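In: sequence first, predicted model second:
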Amino acid sequence: FTSSTTSSGVIFFIAFSLIGLGLFLSAVHQYQANKASGFSIYWPLSVGFFSLSSFCFGIALWTHKFFLTIANTTFIVSVFLLIFLYRSWNQRPFAKIQIFLLWLIPAFIFFYYDHLRVMPDTFKQRVALITITQEIFLIWQIWELKRYYKVNRTIVVKWLLFLSVFTLLGEVCRTLWVLFGSAQKNFFLYAHDVLALTLLWIGYGSTILVYVALSSFYLEKQIRKENQMTNALRDAKEENEKITQLLEERERLAYELIKVNKSTTAGALTASLAHELNQPIGASRIDLYSLKKLLQEQNLYTNEVKELLERMEFDNQRSGGIVDTLHSIFKQDRPVMESVPISDLVQATVDLATREMKLADIAIDINIPKELVINVGRVEMQQVLLNLLNNAIHALKGFDAPNAKSIWIAARKTDTNTIEIMVQDNGPGVDPAIANDIFTLFLTKKKSGLGVGLWLCQYILSRYEAEISYRPRTGGGSAFIIRMKDSQ
């Protein structure tokens with residue numbers, strides 16, 4: 001055989017080594033990114049040993065024939081590790097004693113092959129040792145893949161089965177040809193006859209395709225998990241929206257029942273509602289926590305996802321606060337008081353309605369000194385401000401204002417040791433026919449309203465010995481003024 005044939009064989013081995021190296025680096029990257037979700041270390045180890053084996057085959061001719069021993073042993077190890085991989089898919093890991101005994105096989109091959117290498121005319125024996133061992137391991141791989149395919153009938157697993165069977169048939173043909181069919185007398189790894197070389201490269205090519213299929217398998221698995229995370233995030237968001245809608249419906253119903261009966265019956269009903277609603281709210285809070293933890297483990301916790309989850313957590317906490325507040329109102333409990341800067345309270349309320357105001361092209365102006373503090377229940381007071389803000393937004397939505405649609409929120413401390421909070425808009429204002437009765441329960445001009453919002457504002461404020469009043473705004477629109485004692 002010519003030196004060009006030998007050089008071609010060396011080049012092929014080096015080429016397969018570089019291909020294997022690329023697959024190894026890709027496998028390591030995927031493993032590091034997804035090991036928390038069950039990605040197996042056996043895949044990158046197997047392709048790494050395959051790349052090392054091809055490299056040792058490539059340099060053995062130029063350096064020392066001992067590299068042939070390393071090359072053949074690492075090749076067997078690469079095939080051997082795929083058995084560990086496929087068994088892990090079937091959730092059938094080896095026991096420690098089994099692992100120890102199985103690793104004796106490549107150790108035996110290493111020493112026995114090196115013994116044969118230094119002896120003359122032992123090429124056929126060495127081929128038989130390596131290929132027959134490989135074929136036994138391939139049969140084992142096919143058996144494990146077939147078990148896995150019964151429960152996971154994907155196209156990638158089917159291709160892995162096909163490629164493993166194809167590799168097995170090619171190796172069996174190569175073994176039979178080298179041992180019995182070839183008329184070649186002086187065998188040499190880098191200079192087989194044409195058929196033997198063809199079968200060798202077909203076997204190596206199919207092995208590369210197996211690793212490519214494995215890469216596709218884990219990529220498909222990663223995409224499937226990402227889709228599951230996306231679906232879980234969407235479901236959690238939809239569940240939170242449904243809870244919020246349910247709370248709004250129950251809140252309107254509860255307000256109507258207050259007018260009918262503020263006694264024990266109403267208290268018992270709201271206690272039942274609070275108990276019923278607290279369960280899905282608590283469950284969604286746990287789901288959000290689990291989802292956040294899972295996304296962090298999957299390295300999918302991007303800034304966009306973090307921002308969305310934080311908004312959902314805020315909505316969840318707000319829903320729980322509304323339930324607690326309703327329960328407290330109906331039971332006539334004394335509100336839990338805390339000192340709250342008015343500017344913080346107003347800003348938190350405005351944040352809830354910012355998106356709706358932007359869609360309606362409504363500008364808002366806030367003028368509140370930072371030092372103004374009131375002693376109230378935060379959630380209850382926020383409900384009052386949110387009702388007033390929503391009323392202003394709804395009034396401006398369907399109104400063709402001569403100037404830019406605007407809402408003004410201001411606060412000041414009067415000379416009489418009173419704090420005033422004023423919410424104004426330049427909308428159509430309140431119909432003079434109902435202006436004097438605007439805080440009466442069930443009085444409304446809105447097609448979709450129940451007439452409880454302003455009554456509830458007045459009722460909540462009365463719990464703090466505060467009051468609310470209405471007057472037309474100078475220049476057109478409405479002005480609502482809240483007056484309460486200065487707590488400082």
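Out: Arrived safely, thanks for sending.
In: what comes up buried for stretch 414-427?
Out: By neighbour count on 16 or more other CB atoms under 10 Å, the buried set for stretch 414-427 is Ile419, Ile421, Met422, Val423, Gln424, Asp425, Asn426, Gly427. Just so you know, the C-beta spots here come from the backbone N, C-alpha and C atoms, and that holds for glycine as well.
In: in the stretch 1-150 of the chain, which spans are helices?
Out: Secondary structure of the stretch 1-150 of the chain (DSSP state H, counting those that start in this stretch): helices at 3-34, 42-60, 66-89, 96-117, 123-151.
In: least trustworthy helix or strand in this protein by mean pLDDT?
Out: helix 264-297 (a mean of 61; mean pLDDT, DSSP states H and E).
In: would you agree Asn387 falls within a helix?
Out: Yes. Under DSSP: H, G, I helix; E, B strand; the rest coil, Asn387 falls within a helix.
In: once you drop chain neighbours, what's closest to it?
Out: Gly453 (4.4 Å; CB to CB, 6 or more residues apart in numbering).
In: do Leu294 as well
Out: What sits nearest to Leu294 in space, not counting adjacent residues and going by CB to CB, 6+ apart, is Met229, at 6.8 Å.
In: give me the pLDDT for that neighbour.
Out: We have a pLDDT of 76 for Met229.
In: against which helices or strands is the helix or strand hosting it packed?
Out: Following DSSP states H and E, one finds Met229 within helix 194-260. Contacts defined by 3 or more CB pairs under 8 Å, 6 or more residues apart in numbering; DSSP states H and E place helix 194-260 against helix 3-34, helix 42-60, helix 155-176, helix 264-297, helix 303-330, helix 453-462.
In: next helix or strand past the fifth one?
Out: Elements were assigned by DSSP H and E; along the chain past helix 303-330, the next helix or strand is strand 338-341.
In: neighbouring strands for that next one, and are they parallel or not?
Out: Sheet pairing for strand 338-341, assigned by DSSP bridges, gives strand 373-376 (antiparallel).
In: so what touches the strand it pairs with?
Out: Outside strand 373-376, the residues that touch it by CB atoms under 8 Å, 6 or more residues apart in numbering are 335, 337-342, 345, 381, 419, 464, 484, 486-488.
In: what pLDDT does the model give Ile136?
Out: Confidence at Ile136, expressed as pLDDT, is 93.
In: for it, give its distance to Gly170.
Out: From Ile136 across to Gly170, the span is 15 Å (CB to CB, to the nearest Å).
In: out of the two, which sits in the more crowded spot?
Out: Using other CB atoms under 10 Å as the criterion, Ile136 and Gly170 rank with Gly170 on top: 21 against 13.
In: quick one: residues contacting that one.
Out: Contacts for Gly170 (CB under 8 Å, 6+ apart) come out as Leu199, Ile202, Gly203, Ser206.
In: mind running it again at 10 Å?
Out: By CB atoms under 10 Å, 6 or more residues apart in numbering, the contact set of Gly170 is Leu138, Thr198, Leu199, Leu200, Trp201, Ile202, Gly203, Tyr204, Gly205, Ser206, Thr207.
In: redo these as CSV? Include neighbour count.
Out: Shown next, in CSV, are the contacts of Gly170 (neighbours: other CB atoms under 10 Å):
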residue, neighbour count
Leu138, 22
Thr198, 15
Leu199, 21
Leu200, 20
Trp201, 16
Ile202, 17
Gly203, 20
Tyr204, 23
Gly205, 16
Ser206, 19
Thr207, 26
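In: with distance to Phe480 as added columns, please give those residues in CSV.
Out: Below are the contacts of Gly170 laid out as CSV (distance: CB to CB, whole Å):
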residue, distance to Phe480
Leu138, 81
Thr198, 90
Leu199, 89
Leu200, 88
Trp201, 85
Ile202, 84
Gly203, 84
Tyr204, 81
Gly205, 79
Ser206, 79
Thr207, 78
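In: hang on, the earlier thing: could you tell me the least trusted of the helices and strands packed on helix 194-260?
Out: Ranked by mean pLDDT, the helices and strands packed on helix 194-260 bottom out at helix 264-297, which scores a mean of 61.
In: so what pLDDT did His192 get?
Out: For His192, pLDDT reads 56.
In: hang on, I meant Arg92
Out: pLDDT for Arg92: 87.
In: how many neighbours does it have?
Out: Counted with other CB under 10 Å, Arg92 comes out at 11.
In: tell me what angle the helix holding Met229 forms with helix 42-60.
Out: 160 degrees (axes from the mean of the first three to the mean of the last three CA atoms, to 10 degrees).
In: quick one: helix 194-260 to helix 123-151, angle?
Out: Angle, helix 194-260 to helix 123-151, by the same axes, to 10 degrees: 20 degrees.
In: check the offset of helix 194-260 from the chain's centre.
Out: 8 Å (CA atoms, centre = their mean, to the nearest Å).
In: ok, now stretch 353-361?
Out: That offset, for stretch 353-361, works out to 29 Å (CA atoms, centre = their mean).
In: list of residues touching it?
Out: Counting by CB under 10 Å, 6+ apart, 350, 362-364, 385-386, 389-390, 392-394, 396-398, 404-405, 407 sit against stretch 353-361.
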